[in-house]
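[1] Make a model of this:
(one chain, ligands or ions: 1)
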Amino acid sequence: MMPTPPETSGPTIVKGACPHDCPDTCALEVHVKDGVALKVTGSAQHAPTAGVLCTKVARYTERTYHPDRLLHPLRRIGRKGEGRFERISWEEAIATVAGRLSALAAEDPEQILPYSYAGTMGLVQGESMAQRFFHRLGASLLDRTICASAGAAGHKITLGPSVGVDIETADEARFIVFWGCNAITSSVHFWARAQQAKRRGATLIAIDPYRSLTAEKCHEHIALLPGTDGALALGLMHVIVRDDLLDHEYVQRHTLGIDELRRRVADWDPKRVAAVCGISHREIESLARRYATTRPALIRANYGLQRVRGGGVAMRNIACLPALTGAFRDAAGGMFLSTSGSFTIDNAALCRPDLLHGRSPRTVNMSSIGRALSDAVPPIRAMIVYNSNPVAVAPDSGRVAAGFAREDLFTVVLEQFPTDTVDYADIVLPATTQLEHVDVVRPYGHYYLVANNPAIRPLGEAKPNTEIFRLLAGAMGFTDDCFGDSDEALAQSAVAKDWDFAAVRTQGWKRIGAPVGTARFAAGGFGTPSGKAEFYSTAAAAAGLDPLPHYVPPLEDTRSELAQRYPLAMISPPARNFLNSSFVNVTSLRASEGEPWLDIHPQDAAARGVADESYVRVFNDRGSLRLRARVSDRARRGVVVALSVWWKKLAHDGKNANELTRCDELTDLGRAPLFYDCLVQVEAA
Ligand code: SF4
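    Predicted structure coming up:
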């Protein structure tokens with residue numbers, strides 16, 4: 001429970017940064033009195049987020065002072081997965097971990113695998129001291145692909161690194177396409193700007209298999225089949241080229257390969273595309289014309305659409321559209337997937353790959369961890385998990401859990417809460433929350449690095465990740481000077497130049513890049529090899545890929561033979577009150593979410609005798625789980641939606657939607673998982 005502060009002087013305000021995996025990176029104000037964080041609010045002076053927090057972080061003190069916070073090191077005393085532990089001292093915990101890792105490293109350090117992602121987006125508590133430690137050890141490397149790598153790779157081929165439209169000008173757009181983007185849940189400040197644009201007369205379009213909260217509030221919703229976005233983009237290009245809606249001057253000066261693209265899209269007439277996408281050809285014709293003839297036109301794409309086999313090229317195709325129409329001429333026009341490509345983070349200084357001293361350890365893909373835990377050679381014998389909850393979030397969850405249950409696997413988990421993954425740990429090391437440590441956060445939805453100051457002392461015996469890896473390095477005899485760097489020194493080294501962390505932490509944030517209102521690509525200057533938007537990519541050709549936009553259908557296509565047995569396409573986008581698997585344990589947020597639901601169309605429900613609010617079994621060859629049906633036309637016919645990511649142990653049957661997703665195949669680009677490329681069957685339970 002949150003302690004009651006004594007009545008003394010008024011609270012002080014400590015400047016912070018939201019660390020969660022959300023593009024918006026809000027600047028926080030933590031109200032502290034007598035060493036207790038009373039509440040967390042947003043900073044009104046921070047231009048892109050303007051003092052508005054989402055419902056999740058507005059309740060951050062509930063999370064920080066949650067009765068289930070891990071406050072002491074723990075050692076497993078039950079079976080793996082049972083979650084029974086006894087308290088041990090830090091000295092014993094560090095000595096135990098160091099002893100096991102030293103023995104494994106003496107045999108072969110590649111038997112040791114770090115596993116981490118964006119549990120914090122902080123550059124300091126993320127991959128700084130941790131990677132220094134693993135590089136020095138010579139552990140296996142981790143390919144961090146679980147969320148964004150397919151879309152980023154596709155975007156990179158057409159436009160270079162992700163330098164999206166500045167959110168601060170988005171309200172000036174006249175036409176906004178939310179493509180695979182439920183902004184109300186996943187990018188709430190962009191949604192606020194879109195609302196301003198709407199009030200000024202802008203048209204909002206949602207492209208999404210699901211009538212999300214965002215789709216519901218747009219003027220129009222195009223409910224295509226999952227995994228067909230790449231085909232829709234080809235159809236839109238077809239109409240733009242056919243009807244000569246191109247910006248010829250822009251295309252001629254700032255793009256590459258228009259003639260090849262013309263030939264490629266000629267085959268993708270709206271009727272063909274409509275059949276692939278499960279929509280009408282009129283929707284395609286109408287969208288193409290309005291998109292191409294309205295300025296500024298902004299595509300807000302998000303990562304949902306790239307969680308299918310053809311996810312990489314789908315993003316590549318979509319990224320061609322603003323170059324064809326010259327939408328990049330406007331500051332408020334163009335493409336917005338992410339802004340992360342505009343920050344120069346000094347990963348060499350932060351993570352010190354030089355500590356490998358010439359070794360080249362194997363790389364394990366985090367998206368295939370279920371398979372790697374059973375098949376990797378040499379076997380993975382130790383997992384050090386931090387900033388991630390793979391037992392809940394990794395695909396093919398049953399296989400992941402079976403891997404973590406291996407008796408010969410030594411598992412260490414750095415965590416704030418007893419997650420599904422913690423239940424499999426041999427040693428649990430309690431980690432601090434954002435209110436308790438130093439950091440700096442790189443956003444992917446705006447152009448400000450945001451500093452984080454500790455507002456309260458660490459709760460219990462919790463320690464920052466950095467300190468835990470310093471202790472491990474010391475116990476393993478790593479004497480390199482870099483393991484003595486303070487968190488402030490790490491924050492200073494994070495940004496390559498023009499960066500004074502001491503000054504920024506006082507101010508709260510620092511804008512990087514072009515001034516607000518700059519049409520960044522009005523005169524080209526893309527981060528591609530040619531500096532142009534590349535319809536034809538020689539880099540793709542050199543890598544053995546199709547150099548032109550094309551369509552890769554879902555692996556589990558609703559038209560495939562597999563669909564005879566599993567006719568429904570399941571997607572599992574974020575629930576509004578959760579952020580990946582973070583916040584699921586916050587009682588008030590979980591109560592708002594209710595329980596694990598399956599949205600199903602009335603016709604699909606009726607065909608299976610499924611009544612609204614009844615329990616159903618959802619299954620495929622990989623597994624099954626029990627969900628409660630919500631019968632409505634939010635899910636289009638042929639698609640079911642399991643909002644996610646529930647902690648398995650907080651669900652009815654100890655399972656979540658990842659019981660059904662696959663880890664044996666990856667996306668066309670970026671080696672990412674196929675979370676939304678998943679056929680299932682549903683029956684009344
Ligand atoms: S999760 Fe996103 S919207 Fe919510 S406080 Fe953090 S950055 Fe802001």
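
[2] use CA for all of it now, contacts and neighbours both
    Fine.

[3] How about the contacts made by whatever residue of the chain ends up closest to the ligand?
    Closest residue of the chain to the ligand, CA to the nearest ligand atom: Thr25 (3.6 Å). By CA atoms under 8 Å, 6 or more residues apart in numbering, Thr25 lies in contact with Ala17, Cys18, Pro19, Thr49, Val441, Arg442, Pro443, Tyr444, Gly445, His446, Val450.

[4] among these, which are in strands?
    Per DSSP state E, strands hold the following members of these: Ala17, Val441, Val450.

[5] How many neighbouring residues does the closest residue in space to Val441 that isn't next to it in sequence have?
    Counting by CA to CA, 6 or more residues apart in numbering, Val441 lies nearest to Gly122, which is 4.4 Å off, once chain neighbours are set aside. Per other CA atoms under 10 Å, the neighbour tally for Gly122 reads 26.

[6] right, and Gly122 touches Arg442 too?
    Yes: using CA atoms under 8 Å, Gly122 is in contact with Arg442, at 7.0 Å.

[7] Now do the same contact list for Gly531.
    Listed by CA under 8 Å, 6+ apart, the contact partners of Gly531 are His254, Gly524, Gly525.

[8] Can you point out the buried residues in the longest helix anywhere in the chain?
    Secondary structure of the chain per DSSP state H: the longest helix is helix 90-107. Neighbour-count burial for helix 90-107, with 16 or more other CA atoms under 10 Å as criterion, is recorded at Trp90, Ala93, Ile94, Ala95, Thr96, Val97, Ala98, Leu101, Ser102, Leu104, Ala105.

[9] a markdown table for those residues, including distance to the ligand?
    As requested, the buried residues of helix 90-107 are exported to a markdown table (distance: CA to the nearest ligand atom, whole Å):
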| residue | distance to the ligand |
| --- | --- |
| Trp90 | 31 |
| Ala93 | 32 |
| Ile94 | 32 |
| Ala95 | 36 |
| Thr96 | 35 |
| Val97 | 33 |
| Ala98 | 34 |
| Leu101 | 35 |
| Ser102 | 38 |
| Leu104 | 38 |
| Ala105 | 38 |
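
[10] Can you pull the residues of the chain lying near the ligand?
    For the chain, the residues in contact with the ligand (CA under 6 Å from any ligand atom) are Cys18, His20, Cys22, Asp24, Thr25, Cys26, Leu53, Cys54, Val57, Val188.

[11] how about a cut-off of 8 Å?
    By CA under 8 Å from any ligand atom, the residues of the chain that approach the ligand are 17-28, 42, 49, 52-58, 186-189, 579.

[12] In PyMOL, how would I select the buried members of those residues?
    The buried residues among these can be selected in PyMOL (16+ other CA under 10 Å) with this line:
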select buried, resi 17+18+19+20+21+22+23+24+25+26+27+28+42+49+52+53+54+56+57+186+187+188+189+579
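
[13] Name the next helix or strand downstream of the host helix or strand of Ala275, please.
    When elements are assigned from DSSP states H and E, Ala275 belongs to helix 270-277. For helix 270-277, the following helix or strand on the C-terminal side (DSSP H and E) is helix 281-293.

[14] which parts of that following helix are buried?
    In helix 281-293, residues buried by neighbour count (16+ other CA under 10 Å) are His281, Ile284, Glu285, Leu287, Ala288, Tyr291, Ala292, Thr293.

[15] Show me what it packs onto, helices and strands only.
    Judged by 3 or more CA pairs under 8 Å, 6 or more residues apart in numbering; DSSP states H and E, helix 281-293 is in contact with helix 229-242, helix 270-277.

[16] hey, which of these is tucked in deepest?
    Using mean count of other CA atoms under 10 Å, the stretch among the helices and strands packed on helix 281-293 with the largest mean neighbour count is helix 229-242, at a mean of 26.

[17] If we go by neighbour counts, what in the strand or helix carrying Arg630 is buried?
    In this assignment (DSSP H and E), Arg630 forms part of strand 623-631. For strand 623-631, the neighbour count (16+ other CA under 10 Å) marks Gly623, Ser624, Leu625, Arg626, Leu627, Arg628, Ala629, Arg630, Val631 as buried.

[18] Enumerate every residue touching Ile456.
    Going by CA under 8 Å, 6+ apart, Ile456 touches Val32, Gly35, Val36, Ala37, Leu435, Glu436.

[19] Out of the residues of the chain next to the ligand, which sit inside strands?
    Using DSSP E, Ala17, Ala27, Leu28, Gly42 are the members of these that sit in strands.

[20] Apart from its neighbours in sequence, what residue is nearest the second one?
    Spelled out, that is Ala27. Of all residues not flanking Ala27 in the chain, Ala17 sits nearest, at 4.7 Å (CA to CA, 6+ apart).

[21] okay but the one you found is in contact with Val30, surely?
    No: contact criterion CA under 8 Å: Ala17 and Val30 do not qualify, at 9.7 Å.

[22] Hmm, Val14 and Lys39 touching each other?
    No: counting by CA under 8 Å, Lys39 stays clear of Val14, with 10.9 Å between them.

[23] circling back to that earlier point, wait, which of the ones in strands among the residues of the chain next to the ligand is closest to Lys648?
    Of all those, Ala17 has the smallest distance to Lys648: 28.9 Å, by CA to CA.

[24] In terms of pLDDT, where does the closest one sit?
    At Ala17, the model reports a pLDDT of 98.

[25] likewise the one 4 residues further on?
    For Asp21, the model assigns a pLDDT of 96.

[26] quick one, what contacts it?
    By CA under 8 Å, 6+ apart, the contact list for Asp21 reads Ala118, Gly119, Thr120, Met121, Leu579, Asn580.

[27] switch the cut-off to 7 Å
    Counting by CA atoms under 7 Å, 6 or more residues apart in numbering, Asp21 touches Ala118, Gly119, Thr120, Met121.

[28] Format those residues as JSON lines; extra columns: secondary structure.
    Formatted as JSON lines, the contacts of Asp21 follow (DSSP: H, G, I helix; E, B strand; the rest coil):
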{"residue": "Ala118", "secondary structure": "coil"}
{"residue": "Gly119", "secondary structure": "coil"}
{"residue": "Thr120", "secondary structure": "coil"}
{"residue": "Met121", "secondary structure": "coil"}
